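[1] Next one to model:
(chains A and B)
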Amino acid sequence: MKEEDHLEEKNPMEDLLRMDRIPHIWCPGCGIGTVVTSFAEALRKSKIDLDKTAIVSGIGCTGRVAGYVKLDSFHTTHGRAIPFATGLKLANPELKVIVFSGDGDIAGIGGNHFIHAARRNMDMIVICVNNFNYAMTGGQVAATTPTTANASTAPYGNYEYSFSLPYLAEASGATYVARWTALHLRRVAKSMQEALGKRGFSFIEVITPCVTLYARRNRLGDGLNLMKYYYEKSEIQHGADTRTVDISYQGKLIVGKFVDKEKPTFLDCMNEHLGKVLGDKYKSYGVSHE
Amino acid sequence: MKKVKADPKGVLTGAHYLDGDYALAEGALAAGCRFFAGYPITPSTETAERFSERIPSVGGVFIQMEDEIASIAALIGAVWGGKKAMTVTSGPGFSLMMENIGLACMMETPLVIANVQRGGPSTGLPTLTGQQDMMQVKWGSHGDYEIIALCPDSPQECFDLCIDAFNLSEIYRVPTFIMADECVGHMHEKVVIPPAEEIELVERKWFKGPKDKYLPYKPDKDMIPFMVKAGDGHRFHTTGLTHDERGYPALNAEFQEVCVRHLVEKIRMNADKIIKLEEDEIDNAEIIVISYGITSRVTTRAVQQARKAGIKVGTIRLITVWPFPEKRIKELAKKIKAFVVPEINYGQIVREVERCVEGQAPVIHIPHCGGWVHDPDEIFKAIKEASK
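    Okay, here's the model as predicted:
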């Protein structure tokens, strides 16, 4: 390749990324980048109005996603991306709002907000990159760390039970629930695209390797190897009962689209109910945009 | 600064008999607040109840969140979604909000938080009064920042200061606090709500430039950056990290200075414009009583007694507590015999007074543990003692 050609070469996602912030901070072999790639593909394919699309992240490695994606983007506090997104969506219902964050953010410190947003069927998509540990702070044990896996604050192995996030999401009221691994690139993108085309609370979990911490501590090889391992260990079971999809240490990963149903959203319920009770006195809120 | 008239839809014009909590809700609606997220907590709950009852006919959203952390986070989101937003809480909930109050400061998000104070620490006295969060409101979140805090002493002022709070928050792009207390919150009095055309509101400082030119943290001539809302096509970024004018993280000492100095200076350098005091018979005073909130009403009685007894006593009521009226207190410290500072805590605002007085006059504190207000006699005795 001639040098001029090289200079011409453009990242195909360039219009969707803040190129003035690249290179990103993620480690080589980390799965977050591939999830962002799938997200960019989903945005492009879904043909939604990107000026009306906002992304909210919390804190952590995945919490940095909002900083790299060229949408209205918010890098908030640890665990609070979902309530921030709730306010954003309710203030401006014409927005499509995506929360993109890690397992620590969404299921650990922000777990309460997660279940309540699902309960309300708040119209948003929550993409949770699950790398089984708190990576940004150095590989500490998480609510998602499989039992017996080693972490820097579980140096003898984790003896707690871990969350099964699809089960938690469905039980709390989510209307779309899917799980994939980072190497299921096209399937992740397809799920995201489906969620972008839906209304209601959608949850997509993506299992990714944390090469620098979780993988190294547990001697699981490099990022690519572990990504392949997760991929190979997964079994696609669309519509699987989410009570059966929990994750064991280096065990089988049940993936697929588990839930896809329709239910009125928070604003639908608010408008319908207040309209019924208050009659003509009530003018539906944010409806012309929804 | 663009001024507009209040939208009549939110203004309940007329004379009403309301408690302070209800008056806060009416003030918010009159100020154009169309988003309220909150969590029930005594003695502030009635504001949320009133707002939830009124908002469907005004047009907007009330949402009861899962906790106070979620409430303040939702508020910040709602403001970036284009709404004016408010929440109300009391001590324990206020403590929970602290981290995200810092986020609101860092993101320069205009919003209003009312704290109807009760006795603490911890669960303390849920139904009884206190003024013990006066330092927390200034310093409670980590890091350096400045906020604005106002202190109403009546239901009427709950209404009036709520409008001021919204206006100040928009002018300076800063979280603004109404530090009420249980007595004022639950006190029923006449509240006169003027016609909408007599209520002047400050419009958000909207950015009107081209889509690719918006810089969320570039200070304008008046130090305050322009705002946009999500969905306007600017595709902007904002973060709780130390940032540059684009809102991008800039994690070094150089940008820390630019960023944090801006947050602090935009308030400190405008303190004279922000501060509102109510002064009475200051000119010939030998003793000045400094008070705020419900305590200022108790002070009135003590001051009447003292004047009858021939003592030259003046009063300063702090309507604005933060930024603190440093200049005025410094000026008066040279002229008078003593300051008397009653407050329902074991020494908070008195420390600010002492700092400003710089030892030039005695500062007599009248502490109170909370649960009830001072006996006016206590204040009277302190005035008498000080005048000797």
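
[2] With just CA atoms, put the longest helix along chain B into CSV.
    Criterion DSSP state H: the longest helix present in chain B is helix B:155-172. Extracted in CSV, the C-alpha atoms of helix B:155-172 (Å, rounded to 0.1, in the frame of the first residue of the first chain):
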residue,chain,number,x,y,z
PRO,B,155,-44.8,30.2,53.0
GLN,B,156,-44.9,33.4,50.9
GLU,B,157,-41.2,33.4,50.6
CYS,B,158,-41.2,29.7,49.7
PHE,B,159,-43.1,30.7,46.7
ASP,B,160,-41.1,33.9,45.9
LEU,B,161,-37.7,32.3,46.5
CYS,B,162,-38.5,29.3,44.4
ILE,B,163,-38.9,31.6,41.4
ASP,B,164,-35.7,33.4,42.4
ALA,B,165,-33.9,30.0,42.7
PHE,B,166,-35.0,28.9,39.2
ASN,B,167,-33.9,32.3,37.8
LEU,B,168,-30.5,32.2,39.6
SER,B,169,-29.9,28.6,38.5
GLU,B,170,-30.5,29.6,34.9
ILE,B,171,-28.4,32.7,35.0
TYR,B,172,-25.3,31.0,36.5
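
[3] is any part of it close to chain A?
    No - Helix B:155-172 does not reach chain A (CB under 8 Å from any CB of the partner chain); its nearest approach is 15.3 Å. Quick note: C-beta positions are derived from backbone N, CA and C, even for glycine.

[4] mind checking how far that helix is from the chain centre?
    8 Å (CA atoms, centre = their mean, to the nearest Å).

[5] The chain: helices as residue ranges?
    Using chain A. Along chain A, counting by DSSP H, helices occupy A:3-8, A:32-46, A:65-68, A:81-91, A:103, A:111-119, A:165-172, A:185-196, A:216-217, A:223-232, A:266-278.

[6] Actually, chain B is the one I wanted.
    Ranges of helices in chain B, per DSSP H, are B:20-30, B:45-58, B:68-80, B:91-106, B:136-139, B:155-172, B:182-186, B:253-268, B:271-274, B:294-308, B:326-333, B:349-357, B:376-387.

[7] Any idea which of these gets closest to residue A:70?
    Smallest distance to residue A:70 across the helices of chain B (CB to CB): 16.6 Å, for helix B:68-80.

[8] Tell me the confidence at residue A:184?
    According to the prediction, residue A:184 has pLDDT 97.

[9] Around it, how many other residues sit close by?
    For residue A:184, the neighbour count with other CB atoms under 10 Å in any protein chain shown is 23.

[10] That one contacts residue A:255, doesn't it?
    Yes - Residue A:184 is in contact with residue A:255 according to CB atoms under 8 Å; the separation is 6.8 Å.

[11] Spit out the residues that contact these two alike.
    Common contact partners of residue A:184 and residue A:255 (CB atoms under 8 Å, 6 or more residues apart in numbering or on different chains): residue A:234.

[12] and stretch B:251-264 with chain A, contact?
    No - on the criterion CB under 8 Å from any CB, stretch B:251-264 is out of touch with chain A, staying 10.5 Å away.

[13] who touches the nearest residue to residue B:184 once chain neighbours are set aside in this structure?
    Nearest residue to residue B:184 in three dimensions, chain neighbours excluded: residue B:20, at 4.4 Å (CB to CB, 6 or more residues apart in numbering or on different chains). With contacts defined as CB under 8 Å, 6+ apart, the neighbours of residue B:20 are B:116, B:152, B:154, B:155, B:158, B:180, B:184, B:185, B:186, B:187.

[14] closest to chain A among these?
    Distance to chain A across the contacts of residue B:20 (CB to the nearest CB) is lowest for residue B:116, with 21.9 Å.

[15] Return the distance of the closest one relative to residue B:184.
    Plainly put, residue B:116 is 8 Å away from residue B:184 if you go by CB to CB, to the nearest Å.

[16] Tell me how many other residues surround residue 137.
    Assuming you mean chain A. Neighbours of residue A:137 under the rule other CB under 10 Å: 14.

[17] Not quite, go with chain B.
    By other CB under 10 Å, the residues close to residue B:137 number 24.

[18] My guess is it contacts residue B:177. True?
    Yes - under the criterion of CB under 8 Å, residue B:137 makes contact with residue B:177 at 5.1 Å.

[19] Now do the shared contacts for those two.
    Taking CB under 8 Å, 6+ apart as the contact rule, residue B:137 and residue B:177 both touch B:115, B:147, B:149, B:322.

[20] Where does the record place the domain boundaries for chain B?
    Here the domain parsing of chain B from automatic domain parsing is B:3-202, B:276-387.

[21] Local confidence estimate at residue 267?
    Since no chain was named, I'll use chain A. With respect to pLDDT, residue A:267 has a value of 98.

[22] that answer is for a different chain, and I need it for chain B
    pLDDT, residue B:267: 98.

[23] which parts of the stretch 101-250 of chain A sit against chain B?
    Contact residues (CB under 8 Å from any CB) of the stretch 101-250 of chain A with chain B: A:112, A:113, A:116.

[24] Cross-check the contact I'm expecting between the first one and residue B:73.
    Spelled out, that is residue A:112. No - in this structure residue A:112 lies outside contact range of residue B:73 using CB under 8 Å: 11.6 Å.

[25] distance of residue A:60 from residue A:108?
    Counting by CB to CB, the gap from residue A:60 to residue A:108 is 10 Å.

[26] can you tell me which residues contact the residue in the stretch 101-250 of chain A that chain B sits nearest to?
    Closest approach between the stretch 101-250 of chain A and chain B, counting by CB to the nearest CB: residue A:116, at 4.2 Å. Neighbouring residues of residue A:116 by CB under 8 Å, 6+ apart: A:172, B:65, B:66, B:70.

[27] quick one, which of residue A:60 and residue A:108 is more surrounded?
    residue A:60 (25 against 20).

[28] Just give the nearest non-adjacent residue to the more buried one, would you?
    Residue A:60's closest residue in space is residue A:102 (CB to CB, 6+ apart), at 4.2 Å.

[29] beta partners for the one you found?
    Counting by DSSP bridges, residue A:102 is bridged to residue A:129.

[30] hang on, it packs against residue A:135?
    Yes - Residue A:102 sits in contact with residue A:135 when judged by CB under 8 Å, with a separation of 7.5 Å.

[31] got any residues that touch both of those two?
    By the contact definition CB under 8 Å, 6+ apart, residue A:102 and residue A:135 are jointly contacted by A:60, A:61.

[32] which of those two has more neighbours?
    residue A:102 (34 against 27).

[33] so which of the helices of chain A comes closest to residue B:128?
    helix A:111-119 (29.3 Å).

[34] The closest one versus helix A:266-278: what angle between them?
    Counting by axes from the mean of the first three to the mean of the last three CA atoms, to 10 degrees, helix A:111-119 lies at 60 degrees to helix A:266-278.

[35] May I see the buried residues of helix A:111-119?
    Judged by neighbour count (16 or more other CB atoms under 10 Å in any protein chain shown), helix A:111-119 contains these buried residues: A:111, A:112, A:113, A:114, A:115, A:116, A:117, A:118.
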